[in-house]
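# Prediction below, plus the sequence it came from.
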Amino acid sequence: MKFNPDADLDTSGVEDTRGSGGGGGGGLLPGGLGIPVGGGIGGIILLVVILLLNGGLPGGGGSSDQPVTQNTAPGNLNACKKGSDIGSNPECRFVLYQNSIEGFWAAELPRRGKKYVRAPLRVFDGSVNTGCGPATSAVGPFYCPPDRRVYLDLGFFKTLETQLGARGGNFAEAYVVAHEYGHHIQNLYGILDRIKSREGPTSDSVRSELQADCLAGIWTNHATTVPDKNGKTFIEGLTEDDIARGLDAAASVGDDRIQQKTQGQVTPESFSHGTAEQRMKWFKTGMDSGDMTACDTWSADRL
């Protein structure tokens, strides 16, 4: 994944709250939707059952427009101003991911007659309070519909490799962030309100997650063309290895792989995100088409 060193980075959409005592702990989410721990298998379940591509700990669908809070918390990402800063501070790549992904959707939705509302990326460590309730790092990356934010503990990506066996890499990280922003797009269209059934191979939850994978693929299709405020692209190139790592990350969090790893067996009736094959399929569908109309998982007879 080749970053453009001349790209201008905008930190206004990234809230780095690490070290600021974000507070919060585990517990139930609004509506009694606690973290599904999957049969009491223990610690790793908290890391893998919701994990990477969660539907955002749904506490509700559309919420009223609200201003984006400017980034004032003490954190490592606040000083990221140029793509070249990634050389001295590698974590600046997360600002670049956010800028590219949100930049794409901020242009794409108005082109389709839909208003785009910003969604900050909030980076935290340990625990965080959200519009969906308190959460810990064990939850993994997620999107919270009520406060329209993507939440991310950067330590997750080590877990992705060491616990889930993913190859990792920069594009695997970008795919994770893009998936969560896919949930934001669903929220803006009111799609998250359609989620009624939360378990089963054709459940609403699975359809929502696969659609978010597809939307991540759409951004991937356009990733090397998204410009900064001065017209310079954020990403100059993606390799076949980058794409392979993104697909690998999608597969590593398939319900079947997680269940086999943690339970020793696969139980489709408890699927909530889709199989490894399905996750790769829909990510690739979005990537190959580059068109939102290809991502209608809700009408698909075969997922």
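On my side now, so go ahead.

# Worst mean pLDDT across the helices and strands of this protein, which element?
Least confident helix or strand, the chain: helix 43-48 with a mean of 31, by mean pLDDT, DSSP states H and E.

# Tell me where this protein has helices.
Using DSSP state H, the helices of the chain run over 43-48, 93-111, 156-162, 170-188, 204-222, 240-252, 255-263, 276-289.

# JSON lines please, covering those and showing mean neighbour count and distance to Lys2.
(Each C-beta comes from the backbone N, C-alpha and C, glycine too.) Compiled in JSON lines, the helices of the chain are given as follows (neighbours: other C-beta atoms under 10 Å; distance: least, C-beta to C-beta, whole Å):
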{"stretch": "helix 43-48", "mean neighbour count": "18", "distance to Lys2": "31"}
{"stretch": "helix 93-111", "mean neighbour count": "21", "distance to Lys2": "11"}
{"stretch": "helix 156-162", "mean neighbour count": "17", "distance to Lys2": "19"}
{"stretch": "helix 170-188", "mean neighbour count": "25", "distance to Lys2": "10"}
{"stretch": "helix 204-222", "mean neighbour count": "25", "distance to Lys2": "14"}
{"stretch": "helix 240-252", "mean neighbour count": "21", "distance to Lys2": "9"}
{"stretch": "helix 255-263", "mean neighbour count": "19", "distance to Lys2": "30"}
{"stretch": "helix 276-289", "mean neighbour count": "21", "distance to Lys2": "18"}
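
# Could you export the ones you listed as a markdown table, including distance to Thr136?
What follows is the helices of the chain, written out as a markdown table (distance: least, C-beta to C-beta, whole Å):
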| stretch | distance to Thr136 |
| --- | --- |
| helix 43-48 | 8 |
| helix 93-111 | 20 |
| helix 156-162 | 11 |
| helix 170-188 | 17 |
| helix 204-222 | 21 |
| helix 240-252 | 21 |
| helix 255-263 | 18 |
| helix 276-289 | 25 |
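
# so which of the ones you listed comes closest to Cys295?
Of all the helices of the chain, helix 204-222 sits nearest to Cys295, with 3.7 Å by C-beta to C-beta.

# State the mean pLDDT of that closest one.
Helix 204-222 shows a mean pLDDT of 97.

# how far does that helix sit from the chain's center?
Its chain's average C-alpha position is 10 Å from that of helix 204-222, according to C-alpha atoms, centre = their mean, to the nearest Å.

# list the helices and strands it packs on?
Here helix 204-222 touches helix 93-111, helix 170-188, helix 240-252, helix 276-289, going by 3 or more C-beta pairs under 8 Å, 6 or more residues apart in numbering; DSSP states H and E.

# Kindly export it (C-alpha atoms) in CSV.
Output of helix 204-222 as CSV, limited to C-alpha atoms (Å, rounded to 0.1, in the frame of the first residue of the first chain):
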residue,chain,number,x,y,z
ASP,A,204,-30.7,-9.5,9.1
SER,A,205,-27.5,-9.2,11.0
VAL,A,206,-25.6,-11.3,8.5
ARG,A,207,-27.0,-9.4,5.6
SER,A,208,-26.0,-6.1,7.2
GLU,A,209,-22.4,-7.3,7.9
LEU,A,210,-22.0,-8.6,4.4
GLN,A,211,-23.3,-5.3,2.9
ALA,A,212,-20.7,-3.4,5.0
ASP,A,213,-18.0,-5.7,3.6
CYS,A,214,-19.3,-4.8,0.1
LEU,A,215,-19.3,-1.1,0.9
ALA,A,216,-15.7,-1.5,2.1
GLY,A,217,-14.9,-3.0,-1.3
ILE,A,218,-16.5,-0.1,-3.1
TRP,A,219,-14.1,2.3,-1.3
THR,A,220,-11.2,-0.1,-2.3
ASN,A,221,-12.2,0.2,-5.9
HIS,A,222,-11.8,4.0,-5.7
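
# and that helix with helix 276-289, angle?
40 degrees (axes from the mean of the first three to the mean of the last three C-alpha atoms, to 10 degrees).

# how about CSV for the helices and strands packed on helix 204-222, with distance to Gly140 added?
Compiled in CSV, the helices and strands packed on helix 204-222 are given as follows (distance: least, C-beta to C-beta, whole Å):
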stretch, distance to Gly140
helix 93-111, 15
helix 170-188, 9
helix 240-252, 12
helix 276-289, 15
